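got a sequence here, can you build the structure:
(chains A and B)
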Amino acid sequence: MFQVQHGAALYTYIAGAAVVSVILFFALTLVPTKLRRPLIMAVTFAAGLFYALEFFWPVSGPESDQKNFLTAYIKPFSDITTVLQSFALGLGVYSLVSIHMRKVARTQSGWAYSLVLIVSMIVMVIAHIGKEYIKSPWVHQLNDFAYSGLMKSLDATMFSIIAFYIVSAAYRAFRIRSTEATILLVSAGIIMLGQVAIGQAITNAIPNEGLTANFRVENMANWILKKVNSPAIMAIDFGLGVGGLATALRLWLSLERGSYFEEEL
Amino acid sequence: MRIPQLDRRVLYMLLAIVVSIPLLVNVPLPPPAITPPTKSFYETIETVSTDPKTKDKLVIISCNFGSGTLAENLSQLEATLNHIVSKRMKFAIFAFNDPQGRDLGGSTAQRIADKAGYKYGKDWVNWGFRPPQGIQSLLKAMVNDLHGALGTDVKGTKLSAIPMMANYKKADDVGLIIEYAASDTVKYWVQFFQRAGSTPIATLFCPTSVMANEAYPMLETGQLQGMLVGLKGANEFETVMKRPGFATRASASLSYSHLLIILLIILGNVGMIQDRKRQQGATK
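Take a look at the predicted model:
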């Protein structure tokens, strides 16, 4: 339906889309307050209806390529979703920068952190986008330093700190204060031992065949994961699914109420 | 004897020692038991790579992880990708949850592919990163038209202009999906892609250990054909492949840190019981 454009045609399409978007946004600001909610409801309903109809409408064609009349529009819809998300990203960046710039300009408490955030953001944008388009080696060096050298290491460091909290929590909080806590502790111990080679070695002498295999720690751990954990996860997922369906229906039909849905537009 | 209260800094120091020593010096460790999810993971790759119906199909390597889970997910990726290239299967790197996945997956694939004599565009391709917000509709679009839905590869080349992609145009041309993730992103493949073609596509999952619990039901129902559970799974896979790598070395750290945690839980509880008895004695 919508063909990918290249060269001058691509830039013409981008410029055209930008102009149409600006006109559309301007037109939306002129919509009377009373009509804004019905308009949003109508757009939300139409967007949801597309996917519902595409999913439920009977398909035809060869077995390997079954389609209905809406299937061809999935890709353009996917692109529209991505474009809308990009607007949201742009708004987010604008909001973040304006808040922190104000903080720096007024030297409010913690302004130095705001400055670090803005500088880091600019450096990372220049380095990471620049490396795709600028051949100069300094951009690549900057990217290696900022992205590979700093960000990746800091990300890994932040995540690994959790291990230290787990150790502290295991020592201070994992106590056998009740029957439930004891069951939890025993099953956690079996799972932990069953997950690592040194734990598995404890029961290595037991043959891994026949009835005795059930007493090997890795098999006990596997049994707990498959026969105890799985049904519990399924039950939680089922509840989440039903809840998600109800929420999706409420959002689709604009029935949702709350701070984000009842404010004056 | 009364168990003393350990300061948290002592606990942190103990963990740091237990984790780092096995990474610096070789600490002997018995080989791990190969668990059923790892066994079926290995057997699925073997089956897909030998079955005449699937051996020439595309393998999607979905890298949805960042550097935070590098130790687990990258170990899994290295171990399994080595197996994939040893079977001369063609693969595509893809990321849709974490932009870092594109680079981490891409650079690892480049290194392994170069060693195996794979050529970019002929034997493997990097589809790059797509934003997670539109992934459901993108996967639905990919079912019937991989080229149109994805557009270009990571270098900006149209997929239709990449030689190997001439044979791979829709879901029916995909023989295997392997998801490497720090979250439950495999559900998108299961929900929107796995069974959308004429035949179900074998799907394997490489989650971090903490995320594995949520995926066990999908193993039970047959939606997943195998799973490597965190670093332990990567270690088991390296053992099966007889190709020790980082996961084998790091599994000693994992083993001893687990033992330390169990020991600390026991110490904490013994201390609690002692305190309780002392309080009861004082009351009497």
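
for A:Phe174, see how far away B:Leu264 is.
9 Å (C-beta to C-beta, to the nearest Å). Using the backbone N, CA and C atoms, a C-beta is placed for each residue, glycine as well.

ok, longest helix in chain B?
Across chain B, the helix with the greatest residue count (assigned by DSSP state H) is helix B:246-283.

show me the helices in the chain, by range?
In the absence of a named chain, this looks at chain A. So, for chain A - with DSSP H - the helices run A:7-29, A:33-56, A:74-105, A:111-133, A:137-143, A:152-173, A:179-195, A:197-200, A:217-223, A:230-252.

oops, chain B please
According to DSSP H, the helices that chain B contains are B:8-24, B:36-50, B:70-86, B:99-116, B:135-144, B:146-150, B:186-192, B:209-221, B:230-241, B:246-283.

what does the fifth one rub up against?
Applying C-beta atoms under 8 Å, 6 or more residues apart in numbering or on different chains, the external contacts of helix B:135-144 come out as A:51, A:65, A:67, A:71, A:74-75, A:77-78, A:81, B:96-97, B:130, B:148-150, B:170-171, B:188-189, B:191-193, B:196-197.

out of those residues, which end up buried?
Listed as buried from the contacts of helix B:135-144 are A:51, A:65, A:67, A:71, A:74-75, A:77-78, A:81, B:96-97, B:130, B:148-150, B:170-171, B:188-189, B:192-193, B:196-197; burial here means 16 or more other C-beta atoms under 10 Å in any protein chain shown.

let me see the domain layout of chain B.
Domain assignment for chain B by automatic domain parsing gives B:8-26+B:253-283, B:36-244.

now the longest one: mean pLDDT?
Per-residue pLDDT over domain B:36-244 has a mean of 93.

show the end-to-end separation of that domain, please.
Using C-alpha to C-alpha, to the nearest Å, the end-to-end distance of domain B:36-244 comes out at 20 Å.

from the chain's centre, how far out does it sit?
With C-alpha atoms, centre = their mean, to the nearest Å as the basis, domain B:36-244 stands 10 Å off its chain's centre.

re the thing from before, just say which of the helices of chain A is most tucked in.
By mean neighbour count, with neighbours taken as mean count of other C-beta atoms under 10 Å in any protein chain shown, helix A:197-200 ranks first of these at a mean of 22.

coming back round to it: most tightly surrounded among the helices of chain B?
Of these, helix B:230-241 is the most buried (mean count of other C-beta under 10 Å), at a mean of 25.

still on that earlier bit, between the helices of chain B, which one is closest to B:Ile178.
Of all those, it is helix B:70-86 that lies closest to B:Ile178, at 6.3 Å by C-beta to C-beta.

other SSEs contacting that closest one?
helix A:152-173, helix B:36-50, strand B:58-64, helix B:99-116, strand B:174-181, strand B:202-207, helix B:230-241, helix B:246-283 (3 or more C-beta pairs under 8 Å, 6 or more residues apart in numbering or on different chains; DSSP states H and E).

from A:Asn208, how far off is A:Asn222?
Distance from A:Asn222 to A:Asn208, by C-beta to C-beta: 12 Å.

now do A:Gly92
A:Gly92 is 54 Å from A:Asn208, by C-beta to C-beta.

and if you look at A:Ser168?
36 Å.

for A:Phe238, same thing?
34 Å.

and for B:Ala166?
48 Å.

how about the residues of the stretch 101-250 of chain B by chain A?
B:130-131, B:133-134, B:137-138, B:140-141, B:144-145, B:148-149, B:151, B:158, B:170, B:172, B:197-198, B:209, B:213-214, B:216-217, B:219-220, B:229, B:232, B:235 (C-beta under 8 Å from any C-beta of the partner chain).

where does the prediction get shaky in chain A?
For chain A, applying pLDDT under 70 flags the ranges A:1-2, A:4, A:63-64, A:258-265.

what residue is smack in the middle of it?
A:Gln85 (12.5 Å; C-alpha atoms, centre = their mean).

now do the contacts for the closest residue to that residue other than its chain neighbours.
Residue nearest to A:Gln85 in three dimensions, not counting chain neighbours: B:Gln133, with 4.1 Å by C-beta to C-beta, 6 or more residues apart in numbering or on different chains. With contact taken as C-beta under 8 Å, 6+ apart, B:Gln133 is in contact with A:Thr81, A:Thr82, A:Gln85.

gap between A:Leu154 and A:Ala146?
Distance from A:Leu154 to A:Ala146, by C-beta to C-beta: 11 Å.

ok, residue 74 - contacts?
Looking at chain A here, since you left the chain open. A:Glu54, B:Ser137, B:Lys140, B:Ala141.

if you could check chain B rather than the one you did, that'd help
B:Leu74 sits in contact with B:Phe65, B:Leu104, B:Thr108, B:Phe246, where contact means C-beta under 8 Å, 6+ apart.

which of those residues sits closest to chain A?
The nearest member of those to chain A, counting by C-beta to the nearest C-beta, is B:Leu104 at 8.4 Å.

out of the contacts of A:Ile74, who's nearest A:Leu28?
B:Ser137 (23.5 Å).

give me the nearest residue to that closest one, chain neighbours excluded.
With C-beta to C-beta, 6+ apart as the criterion, B:Ser137 has its nearest non-adjacent residue at 3.6 Å, and that residue is A:Ser78.

so that neighbour touches B:Gly134, yeah?
Yes - applying C-beta atoms under 8 Å as the test, A:Ser78 and B:Gly134 come out as touching, 5.1 Å apart.

return stretch A:21-36 as CSV; C-alpha atoms alone will do.
Extracted C-alpha coordinates of stretch A:21-36, given in CSV (Å, rounded to 0.1, in the frame of the first residue of the first chain):
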residue,chain,number,x,y,z
SER,A,21,1.2,17.0,11.1
VAL,A,22,1.6,20.7,12.0
ILE,A,23,-1.7,21.6,10.3
LEU,A,24,-3.4,18.6,12.1
PHE,A,25,-2.0,19.6,15.5
PHE,A,26,-3.0,23.2,14.9
ALA,A,27,-6.5,22.0,13.9
LEU,A,28,-6.7,19.9,17.0
THR,A,29,-5.9,22.9,19.3
LEU,A,30,-8.9,24.6,17.7
VAL,A,31,-11.3,21.9,18.6
PRO,A,32,-13.8,23.1,21.2
THR,A,33,-13.2,21.6,24.7
LYS,A,34,-16.6,19.9,24.7
LEU,A,35,-15.7,18.0,21.5
ARG,A,36,-12.2,16.9,22.5
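
of all the helices and strands packed on helix B:70-86, which one comes closest to A:Arg37?
helix B:99-116 (35.7 Å).

between the closest one and strand B:58-64, how big is the angle?
Helix B:99-116 runs at 140 degrees relative to strand B:58-64, counting by axes from the mean of the first three to the mean of the last three C-alpha atoms, to 10 degrees.

for helix B:99-116, name the packing helices and strands.
Applying 3+ C-beta pairs under 8 Å, 6+ apart, one finds that helix B:99-116 contacts strand B:58-64, helix B:70-86, strand B:91-95, strand B:124-129.

those: which one's closest to B:Ser257?
When the helices and strands packed on helix B:99-116 are compared for distance to B:Ser257 using C-beta to C-beta, the nearest one is helix B:70-86, at 12.0 Å.

C-alpha coordinates for that closest one, PDB please?
C-alpha atoms of helix B:70-86 as PDB (Å, rounded to 0.1, in the frame of the first residue of the first chain):
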ATOM      1  CA  LEU B  70      25.600  -9.500  30.000                       C
ATOM      2  CA  ALA B  71      27.100 -12.300  32.200                       C
ATOM      3  CA  GLU B  72      24.000 -14.500  31.700                       C
ATOM      4  CA  ASN B  73      22.600 -13.600  28.300                       C
ATOM      5  CA  LEU B  74      25.900 -13.100  26.400                       C
ATOM      6  CA  SER B  75      27.200 -16.400  27.700                       C
ATOM      7  CA  GLN B  76      24.000 -18.100  26.400                       C
ATOM      8  CA  LEU B  77      24.300 -16.300  23.100                       C
ATOM      9  CA  GLU B  78      28.000 -17.300  22.600                       C
ATOM     10  CA  ALA B  79      27.400 -20.900  23.500                       C
ATOM     11  CA  THR B  80      24.300 -21.300  21.300                       C
ATOM     12  CA  LEU B  81      25.500 -19.300  18.300                       C
ATOM     13  CA  ASN B  82      28.600 -21.400  18.200                       C
ATOM     14  CA  HIS B  83      26.300 -24.400  17.800                       C
ATOM     15  CA  ILE B  84      24.200 -22.700  15.200                       C
ATOM     16  CA  VAL B  85      27.200 -21.800  13.000                       C
ATOM     17  CA  SER B  86      28.700 -25.300  13.400                       C
END
